[in-house]
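Engineer: got a sequence here, can you model it:
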Amino acid sequence: MCSQEPECFVFAFHGPSASTRKYFCYMWKSGTLKIKNSTGITSGYNLRGCQFKKPCFDEVYEGLKFSNRPYETVQTENPDQCREKCRQDQHCSFYTYYNEGSKCELKFTMPIPTPTFQRMDEVFSGFSNNLDEDFGSGEVCPSQLYRDKQLEGGRYPIKFSAISAQHCQALCNIYPECQVFKYYRNYVKGPNCYMKSETRLISEVITEHQGVTSGRVQKGCKVDFSWKNDVVNGSLSGSAFNVTVKADLECKKACNDEPNCLFYLYVSMNHPAVKHRGKCYLKRDLTLPRPNVFPRPGTVSGFVMNC
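Structural biologist: A predicted model of the protein is given here:
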């Protein structure tokens, strides 16, 4: 996590205390790591000097519960079967197995970056062409969108930030519980991609709604990532790990050529802030699964294996 976070210089991992019973990972932007004995704490530096590779998580954690809400709960005979169930499900990021009741909870973390998008003049942003596209199978999902319309029924409690309706649809197709979504085209800042998972509340009635593009989840096809080629007017939030002066068309290429870059921001030569003009900010975000971890006897937890 520290190596993925652009501003992290050193970290300290704390085991559970008698008061909190939680695990914590603390990160610092700068400083010197002073070595001293401290029970229950592991510290270190980031590894950004190396090309970041997808980590291999194959360890099983007995007596630990990953408390995030599951998107699916199934019965399995043992923890090994639960782990295998998670490994075979493309949505599953990590799992927790309960010995009592033989319950297996499958859990999810969005595996692609979802920085907040804010519309701004003379600022341009986009995503790297190197984003992982291994979601779904078969032919690429066709674009099926309802412009200036929305599907009626209930609230849309799941929220993300997207640069386009196609981006919002891709997030819906990746998110395991999404059934329908709506994208607010004119939002200036904040979440603009809303999803709903409760099928019983979804109506077939489609009503007019200016500024909204809606759609349904698409299954049995490969998620469309064509939106990552878009360059949009606005800013994608996140800490930059590299800042250079580039021409506008060179900034996206610089992001594509840098394996650690997930998205970028370019400030035009017409921007009112003179000191930022012509600057290209290469950025990344945390995409590793980040479960809430608690000690609990009788449980076994782990991550999907990428080994």
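Engineer: doesn't residue 168 fall inside a helix?
Structural biologist: Yes: counting by DSSP: H, G, I helix; E, B strand; the rest coil, residue 168 is found in a helix.
Engineer: does it touch residue 160 like I think?
Structural biologist: Yes: using CB atoms under 8 Å, residue 168 is in contact with residue 160, at 7.3 Å. Every residue, glycine included, has its C-beta placed from N, CA and C.
Engineer: more crowded one of these two?
Structural biologist: residue 168 (28 against 21; other CB atoms under 10 Å).
Engineer: so what's the more buried one up against?
Structural biologist: Neighbour list for residue 168: 160, 162, 181-183, 192-193, 213, 215 [criterion: CB atoms under 8 Å, 6 or more residues apart in numbering].
Engineer: circling back: mutual contacts of residue 168 and residue 160, please.
Structural biologist: residue 193.
Engineer: what is the subsequent helix or strand relative to the helix or strand bottoming out on mean pLDDT in the chain?
Structural biologist: Among the helical and strand segments of the chain, the one scoring lowest on mean pLDDT, DSSP states H and E is strand 41-45, with a mean of 76. Using DSSP states H and E, the helix or strand that directly follows strand 41-45 along the chain is strand 60-66.
Engineer: what's that next one packed up against?
Structural biologist: strand 94-98, strand 293-303 (3 or more CB pairs under 8 Å, 6 or more residues apart in numbering; DSSP states H and E).
Engineer: okay, now the domains of this protein?
Structural biologist: The chain breaks down into these domains under automatic domain parsing: 1-53, 56-109+288-307, 114-131+231-285, 134-224.
Engineer: by mean pLDDT, show me the worst of these.
Structural biologist: With a mean of 70, domain 1-53 has the lowest mean pLDDT of the domains of the chain.
Engineer: measure residue 128 to residue 263 for me?
Structural biologist: Look at residue 128 and residue 263: by CB to CB, to the nearest Å, they are 6 Å apart.
Engineer: joint contacts of those two?
Structural biologist: residue 255.
Engineer: who has more neighbours, the two?
Structural biologist: The neighbour count for residue 128 versus residue 263, taken as other CB under 10 Å, is higher for residue 263 (25 against 22).
Engineer: ok, the residue positioned nearest the centre of the chain - contacts?
Structural biologist: Nearest residue to the geometric centre of the chain (CA atoms, centre = their mean): residue 110, 3.6 Å. Counting by CB under 8 Å, 6+ apart, residue 110 touches 160, 171, 174-175, 287.
Engineer: and these, which of them are in helices?
Structural biologist: Among the contacts of residue 110, the members falling in helices (DSSP state H) are 171, 174.
Engineer: which secondary structure elements does the least confident helix or strand of the chain sit against?
Structural biologist: strand 10-14.
Engineer: now the helix or strand just after the strand it packs on: buried residues?
Structural biologist: Remark: after strand 10-14, the chain's next helix or strand is strand 24-28, criterion DSSP H and E. Of all the residues in strand 24-28, not one is buried under the rule 16 or more other CB atoms under 10 Å.
Engineer: ok, and what's touching strand 24-28?
Structural biologist: 1-2, 5, 7-14.
Engineer: which one of those is nearest to residue 60?
Structural biologist: residue 13 (18.3 Å; CB to CB).
Engineer: in three-state terms, label residue 255 for me.
Structural biologist: Applying three-state DSSP: residue 255 is helix.
Engineer: can you report how many residues lie near it?
Structural biologist: Count around residue 255 with other CB under 10 Å applied: 26.
Engineer: now the end-to-end length of stretch 90-106.
Structural biologist: 11 Å (CA to CA, to the nearest Å).
Engineer: correction: the previous question concerned stretch 269-276.
Structural biologist: One end of stretch 269-276 to the other measures 8 Å (CA to CA).
Engineer: now that stretch: buried residues?
Structural biologist: Quick answer for stretch 269-276 (16+ other CB under 10 Å): residue 271.
Engineer: quick one: contacts of that stretch?
Structural biologist: 122-123, 267, 277-278.
Engineer: make it 10 Å
Structural biologist: 120-123, 243, 247-248, 265, 267-268, 277-279 (CB atoms under 10 Å, 6 or more residues apart in numbering).
Engineer: which one of those sits in the busiest neighbourhood?
Structural biologist: Going by other CB under 10 Å, residue 265 tops the contacts of stretch 269-276 with 25 neighbours.
Engineer: so who does the nearest residue to that residue once chain neighbours are set aside touch?
Structural biologist: Among residues not flanking residue 265 along the chain, residue 281 sits closest, at 4.4 Å (CB to CB, 6 or more residues apart in numbering). Residue 281 sits next to 123, 125, 235-236, 238-244, 246, 251, 255, 261, 263-267 when contact means CB under 10 Å, 6+ apart.
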